[in-house]
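Trainee: here is the input, now give the coordinates:
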Amino acid sequence: MASTNGVRTSNGTLGARYDAVLAATQWKPTQQQSEPTMGNPARVESLYGADVFGERAMRQRLPKDVFKRLMATINEGKPLERDIADVVAAAMKEWSIEKGATHYTHWFQPLTGLTAEKHDALVVPDGNGGLLSDFSGSALVQGEPDASSFPSGGLRATFEARGYTAWDPTSPAFLNRSDAGGVVTLCIPTAFVSWNGQALDKKTPLLRSIEALSEQALRVLRIFGTDEGVSRVTTTLGPEQEYFLIDRSLYFARPDLVTCDRTLFGARPPKGQQLEDHYFGSIPSRVLAYMNEVERELYRMGVPVKTRHNEVAPAQYEIAPVFESANVACDHQMMMMEVLKRVAPRYGLQCILHEKPFKGVNGSGKHNNWSMATDTGVNLLDPRDETHTNMQFLTFVCAVIRAVDLHADLLRASIASAANDHRLGANEAPPAIISIFLGDMLTDIIEQIETGRTRRTIKGGALDLGARALPQIPRDAGDRNRTSPFAFTGNKFEFRAVGSSLTSAWPNTVINTIVAESLDHVATQLERAAGKNPSPQKLQQAVKSVLQKIVKQHKRVIFNGDGYSAEWHAEAKRRGLPNLRDTVEALPVLKQKSTADLFRKYRVLSKSEVESRAHIFFEKFVKQVSIEAEIMVSIARTMLLPAALEHQSRMGEAIGAALAADVDCDDQRAELEKFVRLIGRFRTAINTLETLNDQHVDDPEKHARHIKAKVRPAMDALRELADQLEEQVSADLWPIPSYRELLFIK
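Mentor: Residues are numbered from 1 along each chain as shown. Below you'll find the model as predicted:
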């Protein structure tokens, strides 16, 4: 046995692994890393947005007329005037070069679910020893990446390569600072479409859905006479991001984590999250330093992060931003995930965004806090005091209730993925049944609306904590419900079912579209019932009548109880609510005619664009699980099985030695026979999974159904046997880090 820093290790794999871990966990902050940037308010103020070509930079560098016209596009949704592009491009280029940029890229979000970029130089040689600008207005407004290698779901053939990126001026350009030699790149958020204008990305339909919702919401505001000064309604978003951090040396010792971002094997450790001691606990120093640097980079890029804390599972954490317009928030969410990943190696850590990287402990989500607001700053989901008299607020809430009830299956499909299947429905995340939590106060008012008379608003009051040194604190009128997938939380709805690795853009595109359809319905009914220029009394009567009908028809989707309980599943079935348990059950919703009609009516997606997404999502599911199954077979056959056989050999040698010494070893022989049978079942399970995974079906949906019915059960069976082996094989032989190491070495 060797000794390292007082810790005894073997000379084998386990010892080498512990030596690497010890070296990593002796991390010390460098001077730059330990700089108290975020603790200095003046420094934070100068830091925030330093790498963003936002309003401050544009005001300083653009002519007043150009600045005014560009801000009209950004703030009021007016069409972009092409003649200002050259001026903006020149200012943007000058600004970025001063900050060290050498290249620019049209940064976009293809249907891979990730981001994409192609870098071009900001300047090129002029042939005479000098440099010429290679960033004009046309280069700012439009790019032309090769579209043939991105997922298109049949929208484009392989030989049809042309695609366009189009500048989105409503999302500010930013600088991306790479760890590789301090490379700085100007990133310009863009939409990505094919040669014939079909959306090949997540941003284009999101922007279309925001416009659709704005149009219908303005109709409702005009009915109530509250549209004065309002030119548009936007959706706001604050997505909370959960993630895991593990030691980087352990990460690279796990081929499943490297390839799939989740563990495919791993016996349950004696201590997991049973003691509930990690949630909101003291943040380990290495993790806190990492968080601080993540926030520093995000602040530079204009991402307004606010909250950080330990999450429920060991090694799990959360970061949350301030609310922004949904389009910018979705871009910032992608930037946040990239920064979380990029900064971790500086601290000997690896950031894991997978929804369920570890079996037996909580997985990760991305709580999607969604609301609607006017461009004058009014939150349309703010109940205010005496909520029962706020008919405009109740109209918007009832429109959301109707939307979620009518389109629960589509909302469920929007967060379907192979990774999220492992999380939804467990006692850590909302069930796959989509329902709405309103809380006591709002539920009481909804029940009053059903009766036709609204008379009261339940008040929260105050809490006396029983000690004179402690203040009385205000108590909300209702509790929160963490088991609800779509919960009203004071002045917004929280869609808790979004997966941690998913882009926020697609679920919010769906929410915006279904709410736009519902607002369209409500506005039409109110216009018919109240007529033009109604009196206040006639309008109030029309509103009560329309909302009463909505509540009676759609109250089945409201549920304030325990979403984890078996009773709720039975009750939801009785109510007729859909329960699409996994991705394979959920995605066919995208192929329904009603779905295509909905998106087409509000000009969010064409029929072919919707169908392409169904194809892409099925194909991604198939590829992701097939890769998991293949790496699972490889690890089991080349790493775990040899370790088990070596352990079997040791057991046999021990029995042989006992027999030679004429010692009774019947118990040992029985254990060996039992262990040999376990290895035999393990070997059979490896071959079974390999055979099933090699069975391919041309149609992605049919292949997905094969994977659900055959491959995933075979993966579960193989894992169960492997985990039994891990609990018996000598620790110095087991070739991959255990859950005990992965979750608790910080």
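Trainee: tell me what the strand ranked longest in the chain is packed against?
Mentor: Assignment by DSSP state E gives strand 184-194 as the longest strand of the chain. When contacts are defined as 3 or more C-beta pairs under 8 Å, 6 or more residues apart in numbering; DSSP states H and E, strand 184-194 sits against helix 85-98, strand 101-107, strand 163-167, strand 173-177, helix 203-224. For every residue, glycine as well, the C-beta is placed using N, CA and C.
Trainee: now those as a markdown table including mean neighbour count?
Mentor: As requested, the helices and strands packed on strand 184-194 are exported to a markdown table (neighbours: other C-beta atoms under 10 Å):
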| stretch | mean neighbour count |
| --- | --- |
| helix 85-98 | 19 |
| strand 101-107 | 22 |
| strand 163-167 | 22 |
| strand 173-177 | 22 |
| helix 203-224 | 22 |
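Trainee: returning to that earlier point: any idea of the angle the longest strand of the chain forms with strand 173-177?
Mentor: Here strand 184-194 points in a direction 120 degrees away from that of strand 173-177 (axes from the mean of the first three to the mean of the last three C-alpha atoms, to 10 degrees).
Trainee: so for strand 184-194, mean pLDDT?
Mentor: Averaged over strand 184-194, pLDDT sits at 95.
Trainee: turn the helices and strands packed on strand 184-194 into JSON lines, columns for mean pLDDT.
Mentor: As requested, the helices and strands packed on strand 184-194 are arranged in JSON lines below (pLDDT from 0 to 100):
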{"stretch": "helix 85-98", "mean pLDDT": "94"}
{"stretch": "strand 101-107", "mean pLDDT": "95"}
{"stretch": "strand 163-167", "mean pLDDT": "92"}
{"stretch": "strand 173-177", "mean pLDDT": "95"}
{"stretch": "helix 203-224", "mean pLDDT": "97"}
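Trainee: burial count for residue 463?
Mentor: Using other C-beta atoms under 10 Å, residue 463 is surrounded by 12 other residues.
Trainee: distance of it relative to residue 471?
Mentor: 10 Å (C-beta to C-beta, to the nearest Å).
Trainee: same list (the helices and strands packed on strand 184-194) but as CSV, adding distance to residue 623.
Mentor: Formatted as CSV, the helices and strands packed on strand 184-194 follow (distance: least, C-beta to C-beta, whole Å):
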stretch, distance to residue 623
helix 85-98, 37
strand 101-107, 25
strand 163-167, 22
strand 173-177, 28
helix 203-224, 23
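Trainee: of all those, which lies closest to residue 597?
Mentor: Among these, helix 203-224 comes nearest to residue 597, with 13.8 Å by C-beta to C-beta.
Trainee: show me what that closest one is packed against.
Mentor: If contacts are counted by 3+ C-beta pairs under 8 Å, 6+ apart, helix 203-224 sits against strand 184-194, strand 233-239, helix 326-343, strand 368-374, helix 391-406, helix 505-530.
Trainee: mind doing that once more with 7 Å?
Mentor: Applying 3 or more C-beta pairs under 7 Å, 6 or more residues apart in numbering; DSSP states H and E, one finds that helix 203-224 makes contact with strand 184-194, strand 233-239, helix 326-343, helix 505-530.
Trainee: can I get those in JSON lines with distance to residue 53 and mean neighbour count?
Mentor: Formatted as JSON lines, those follow (distance: least, C-beta to C-beta, whole Å; neighbours: other C-beta atoms under 10 Å):
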{"stretch": "strand 184-194", "distance to residue 53": "8", "mean neighbour count": "23"}
{"stretch": "strand 233-239", "distance to residue 53": "21", "mean neighbour count": "24"}
{"stretch": "helix 326-343", "distance to residue 53": "13", "mean neighbour count": "22"}
{"stretch": "helix 505-530", "distance to residue 53": "22", "mean neighbour count": "23"}
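Trainee: would you mind giving those as CSV with distance to residue 371 added?
Mentor: Listed next are the helices and strands packed on helix 203-224 as CSV, based on distance: least, C-beta to C-beta, whole Å:
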stretch, distance to residue 371
strand 184-194, 22
strand 233-239, 5
helix 326-343, 9
helix 505-530, 10
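Trainee: to residue 640, which of those lies closest?
Mentor: Of all these, helix 326-343 sits nearest to residue 640, with 28.2 Å by C-beta to C-beta.
Trainee: mind exporting the C-alpha coordinates of that closest one to PDB?
Mentor: Only the C-alpha atoms of helix 326-343 are listed here, as PDB (Å, rounded to 0.1, in the frame of the first residue of the first chain):
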ATOM      1  CA  ALA A 326     -38.800  36.100 -22.800                       C
ATOM      2  CA  ASN A 327     -36.700  36.400 -26.000                       C
ATOM      3  CA  VAL A 328     -33.700  37.900 -24.200                       C
ATOM      4  CA  ALA A 329     -34.200  35.600 -21.200                       C
ATOM      5  CA  CYS A 330     -34.100  32.500 -23.500                       C
ATOM      6  CA  ASP A 331     -30.900  33.800 -25.000                       C
ATOM      7  CA  HIS A 332     -29.400  34.500 -21.600                       C
ATOM      8  CA  GLN A 333     -30.500  31.000 -20.500                       C
ATOM      9  CA  MET A 334     -28.400  29.500 -23.200                       C
ATOM     10  CA  MET A 335     -25.500  31.700 -22.300                       C
ATOM     11  CA  MET A 336     -25.800  30.800 -18.700                       C
ATOM     12  CA  MET A 337     -25.600  27.100 -19.500                       C
ATOM     13  CA  GLU A 338     -22.500  27.600 -21.600                       C
ATOM     14  CA  VAL A 339     -20.800  29.700 -18.900                       C
ATOM     15  CA  LEU A 340     -21.700  27.100 -16.200                       C
ATOM     16  CA  LYS A 341     -20.000  24.500 -18.300                       C
ATOM     17  CA  ARG A 342     -17.000  26.600 -19.300                       C
ATOM     18  CA  VAL A 343     -16.000  27.900 -15.900                       C
END
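Trainee: check which helices and strands that helix sits against.
Mentor: Contact analysis of helix 326-343 by 3+ C-beta pairs under 7 Å, 6+ apart lists helix 203-224, strand 233-239, helix 285-300, helix 505-530 as its packing neighbours.
Trainee: specify the angle between that helix and helix 203-224 in degrees.
Mentor: 140 degrees.
Trainee: need the contact list for residue 446.
Mentor: Residue 446 sits next to 438, 551, 555, 558 when contact means C-beta atoms under 7 Å, 6 or more residues apart in numbering.
Trainee: helix/strand/coil for the third one?
Mentor: Translated: residue 555. Here residue 555 is recorded as helix under DSSP: H, G, I helix; E, B strand; the rest coil.
Trainee: doesn't residue 132 fall inside a helix?
Mentor: No: secondary structure of residue 132 (three-state DSSP): strand, not part of a helix.
Trainee: excluding covalently adjacent residues, which one is nearest to it?
Mentor: Spatially, and ignoring its direct neighbours in sequence, residue 132 is nearest to residue 126 (4.5 Å; C-beta to C-beta, 6 or more residues apart in numbering).
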